[in-house]
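Novice: coordinates for the following, if possible.
(chains A, B, C and D)
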Number of protein chains: 2
Amino acid sequence: MTMLTDAPRRRQIEDVASALFRASGYSATSVRDIARALDMQGASLYSHMASKEDVLWSIVDRAASAFEEAAELALEAAPARDPRARVMALVRAHVGVIARDPGQASVFVAEWRHLAGDRRAAILERRDAYEARLRSLLADGMAAGEFALADPAIAATFLLSALNGAATWYREDGRMSADQLADQYADLALRTLTEDTR
Amino acid sequence: MTMLTDAPRRRQIEDVASALFRASGYSATSVRDIARALDMQGASLYSHMASKEDVLWSIVDRAASAFEEAAELALEAAPARDPRARVMALVRAHVGVIARDPGQASVFVAEWRHLAGDRRAAILERRDAYEARLRSLLADGMAAGEFALADPAIAATFLLSALNGAATWYREDGRMSADQLADQYADLALRTLTEDTR
DNA sequence: CCTACCGATCGGTAGG
DNA sequence: CCTACCGATCGGTAGG
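Specialist: Prediction:
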């Protein structure tokens, strides 16, 4: 999570909004709810934002970039020809982004549908591209004989649902560190990909 | 999904509301949106419901009962001392409830937080009890030496997130039948529980 | 960043 | 099930 103190106002607004959107959803959170959390008047927020949807867009766009960049970095660093290591790296990166800012992540996961028109379309495209990358990693692993999957597309969706679930429940002050979360989730995720030999 | 034709009005309202809540969320769906989908005036709905939250409660309560009853039946029918078979049965039952009515299920999964007070507390308790049942099944399997899990609570959360994800994307008219979904998800879920022997 | 204010829409009621 | 209507609240603007 980002420090709320001393962050620029716009960023403070986005962080407070993330937390409120996460707890109650975008539509049930009013501009005045956000203002109240910052000890401001509702109308004053409009010095820093053009619209409520604008703030949602900033959060979702930033989250999408965080996932994309983390995946990029992780896959660059991972061995090129080891599908297991590559999936592991992607999963750990994904969980890391969630653990670092669960508010932002959960807004990305659950509230993007309140975006309209082009923004909605753009984010859907990026989500699809991201999922496609996991899908192709799974296909690579199958081609290499490392994974056994009846349907890599279903497996990718199954996995991403499981990982994204953490955005809803994970608390930074809970009993689990970000690393512990990443370790456990990566382990569970990897198991999904190979035959169950008992 | 339930037939909309000839269902009693109250049930039609709940089915239409489920679909709209699933697509846009509870707060972004107005009473007039629901009425419009039924070719009625907004105020006319109040002959059949006391409040908007009342309709949400009916959907969530019915969904909770469906999950509970399906789990009960599945576990009664499953062998008492075979943890793998028992988890498999529970997963298949859970996915079956989702596939049979994804609208109802996704409202249960995502919109319960818009309930207030006692209802919210009651549903949280039932969710906890349901998850606890899966958790204890996992613990049984570990005790029997059949499952290898670092933390059965985390595994249960991971699994339920993965399964519930289907409530968001599954379409009855899509390329996958309910049985295919249940088969694939049960397979993926079961793999999660045993060591990855490669 | 504030006060004052806008039109639109919200959930819900009265009365038929 | 409809028309007519209610107060409250919504996102947002004007002007300082």
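Novice: could you pull out the strands in chain A for me?
Specialist: Applying DSSP state E to chain A gives no strands.
Novice: contact residues of it facing DNA strand D?
Specialist: Within chain A, the positions lying close to DNA strand D (C-beta under 7 Å from any atom of the strand) are A:29-33, A:42-43, A:46, A:50-53. Heads up, the C-betas are built off the backbone N, CA and C, glycines and all.
Novice: filter these down to the buried ones, ChimeraX style.
Specialist: Selecting only the buried entries of the residues of chain A next to DNA strand D in ChimeraX, with 16 or more other C-beta atoms under 10 Å in any protein chain shown as the criterion:
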select /A:29,31,52
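Novice: with respect to A:Thr192, which of the residues of chain A next to DNA strand D is nearest?
Specialist: Among the residues of chain A next to DNA strand D, A:Thr29 lies closest to A:Thr192 (C-beta to C-beta), at 34.8 Å.
Novice: check contacts around A:Ala28.
Specialist: Taking C-beta atoms under 8 Å, 6 or more residues apart in numbering or on different chains, we find A:Ala28 in contact with B:26-27, B:114.
Novice: okay, it and B:Arg11: tell me how far apart.
Specialist: 26 Å (C-beta to C-beta, to the nearest Å).
Novice: now A:Gly141
Specialist: 46 Å.
Novice: among those two, which residue is more densely surrounded?
Specialist: A:Gly141 (21 against 16; other C-beta atoms under 10 Å in any protein chain shown).
Novice: that one against A:Phe147, yeah?
Specialist: Yes - counting by C-beta atoms under 8 Å, A:Phe147 is a contact partner of A:Gly141 at 3.7 Å.
Novice: any common contacting residues for those two?
Specialist: A:83, A:193.
Novice: so stretch A:48-61, near chain B or not?
Specialist: No - using C-beta under 8 Å from any C-beta of the partner chain, stretch A:48-61 stays clear of chain B, with a minimum separation of 12.1 Å.
Novice: okay, the residues of chain A next to DNA strand D in TSV with pLDDT and distance to A:Glu125 next?
Specialist: Shown next, in TSV, are the residues of chain A next to DNA strand D (pLDDT from 0 to 100; distance: C-beta to C-beta, whole Å):
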residue	pLDDT	distance to A:Glu125
A:Thr29	98	26
A:Ser30	98	30
A:Val31	98	28
A:Arg32	98	33
A:Asp33	98	31
A:Gly42	95	33
A:Ala43	97	35
A:Tyr46	98	30
A:Ala50	97	23
A:Ser51	98	22
A:Lys52	98	23
A:Glu53	98	18
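Novice: from the residues of chain A next to DNA strand D, which is closest to B:Arg62?
Specialist: Nearest to B:Arg62 among those: A:Thr29, at 27.5 Å, using C-beta to C-beta.
Novice: centroid-nearest residue for chain A?
Specialist: A:Ala105 (3.9 Å; C-alpha atoms, centre = their mean).
Novice: pull the number of nearby residues for A:Pro8.
Specialist: Neighbours of A:Pro8 using other C-beta under 10 Å come to 9.
Novice: just A:Glu146 next, same as before
Specialist: Neighbour tally, A:Glu146, other C-beta under 10 Å: 16.
Novice: wait, what's in contact with it?
Specialist: Here A:Glu146 is in contact with A:83-84, A:193-194 (criterion: C-beta under 8 Å, 6+ apart).
Novice: make it 6 Å
Specialist: Going by C-beta atoms under 6 Å, 6 or more residues apart in numbering or on different chains, A:Glu146 touches A:83-84.
Novice: equivalent analysis for A:Val91, please.
Specialist: A:186, A:189 are the contacts of A:Val91 under C-beta under 6 Å, 6+ apart.
Novice: where does chain A have low pLDDT?
Specialist: Counting by pLDDT under 70, the ranges of chain A that qualify are A:1-6, A:196-198.
Novice: mind running it again at 80?
Specialist: Residues of chain A meeting the criterion pLDDT under 80: A:1-7, A:195-198.
Novice: the closest residue to A:Ala78 other than its chain neighbours: how many residues sit nearby?
Specialist: Take A:Ala78 and drop its neighbours on the chain: the residue closest to it by C-beta to C-beta, 6 or more residues apart in numbering or on different chains is A:Ala89, 4.0 Å away. By other C-beta under 10 Å, the residues close to A:Ala89 number 22.
Novice: again, but for the one 3 residues further on
Specialist: A:Arg92 has 19 neighbours, counted by other C-beta under 10 Å.
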